[in-house]
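In: let me see the structure of the following:
(chains A and B)
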Amino acid sequence: GAVVSQHPSWVICKSGTSVKIECRSLDFQATTMFWYRQFPKQSLMLMATSNEGSKATYEQGVEKDKFLINHASLTLSTLTVTSAHPEDSSFYICSASPDRVISPLHFGNGTRLTVT
Amino acid sequence: QKEVEQNSGPLSVPEGAIASLNCTYSDRGSQSFFWYRQYSGKSPELIMSIYSNGDKEDGRFTAQLNKASQYVSLLIRDSQPSDSATYLCAVLSNFGNEKLTFGTGTRLTIIP
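Out: Numbering: from 1, shown residues only, chains lettered A, B, ... in the order given. As a prediction, this is how the structure comes out:
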């Protein structure tokens, strides 16, 4: 089946630094990628939707200047958490779709971010 | 009112019994419904999708949808310890603003 690769699987960083998370679709061209965040014992919350070659669409309450999303190719999207703070510690999960609507199948394995 | 609601559990079921997981949603225009299984520290894995009223069976899993009641459920027959996980209900909102909205999940524990 289709595979979405996410890297790194976990990262620990110091407060104030930036962290980049990569999401790759390995066997299909991902026109659209979605970034979710999941805090402990909570559900997945959509942060933003990115379409290849255009600016990402952010959900209400998500700071676009803090969570930078780049979707420069059909197989790669990156999420950069800038000036990370302990409250940004969470499980970040990407999802990829071959078209501009949501395909519920293809999730990455997630990245556990811990900010100290 | 939350858009997608689930009992958080934990729900404990003896091995071999039927586990019943429930979900309600608020958007009457929702068209597509999904159940995901999420093991601790892992990302969700799609196990069932359902689009029309009634039952849909796949192996030990049966999804049930009642759009009039805005209710979707998942039954797991012959529960196994490996079924112990958090089960997330997700709803795809209506056309033109498609967004997958997740419930908070129900933690299921199968007792050997």
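In: close to chain A: what parts of chain B are there?
Out: Residues of chain B that fall close to chain A, judged by Cβ under 8 Å from any Cβ of the partner chain: B:4, B:8, B:32, B:34, B:41-46, B:49, B:88, B:90, B:92, B:98-105. C-betas here are computed from N, CA, C, even on glycine.
In: and these, which of them are buried?
Out: B:4, B:32, B:34, B:43-44, B:46, B:49, B:88, B:90, B:92, B:100-105 (16 or more other Cβ atoms under 10 Å in any protein chain shown).
In: what ranges do the strands span in the chain?
Out: Reading this off chain A. A:4-7, A:10-13, A:19-25, A:32-38, A:45-51, A:57-58, A:67-73, A:76-81, A:90-97, A:111-115 (DSSP state E).
In: hmm, I had chain B in mind actually
Out: Using DSSP E, the strands found in chain B span residues B:4-6, B:11-14, B:19-25, B:32-38, B:45-50, B:54-58, B:61-66, B:71-76, B:85-92, B:100-102, B:106-111.
In: residue 76: neighbour count?
Out: You didn't say which chain, so I picked chain A. A:Leu76: 17 surrounding residues under other Cβ atoms under 10 Å in any protein chain shown.
In: should've been chain B
Out: Neighbours around B:Ile76, by other Cβ under 10 Å: 24.
In: how much space between the residue nearest to B:Ile18 when sequence neighbours are not counted and A:Ile21?
Out: Sequence neighbours aside, B:Arg77 is the residue nearest to B:Ile18 in space, at 5.4 Å (criterion: Cβ to Cβ, 6 or more residues apart in numbering or on different chains). Separation of B:Arg77 from A:Ile21 (Cβ to Cβ, to the nearest Å): 38 Å.
In: more crowded one of those two?
Out: Taking neighbours as other Cβ under 10 Å, B:Arg77 and A:Ile21 compare with A:Ile21 leading, 23 against 13.
In: give the contact list for the residue nearest to A:Ile69 when sequence neighbours are not counted.
Out: Nearest residue to A:Ile69, sequence neighbours excluded (Cβ to Cβ, 6+ apart): A:Ala56, at 4.0 Å. For A:Ala56, the contact set (Cβ atoms under 8 Å, 6 or more residues apart in numbering or on different chains) comprises A:48-50, A:64, A:69, A:71.
In: which of these sit farthest apart?
Out: With Cβ to Cβ as the measure, no two of the contacts of A:Ala56 lie farther apart than A:Lys64 and A:His71, at 13.6 Å.
In: kind regards, and thank you for your time.
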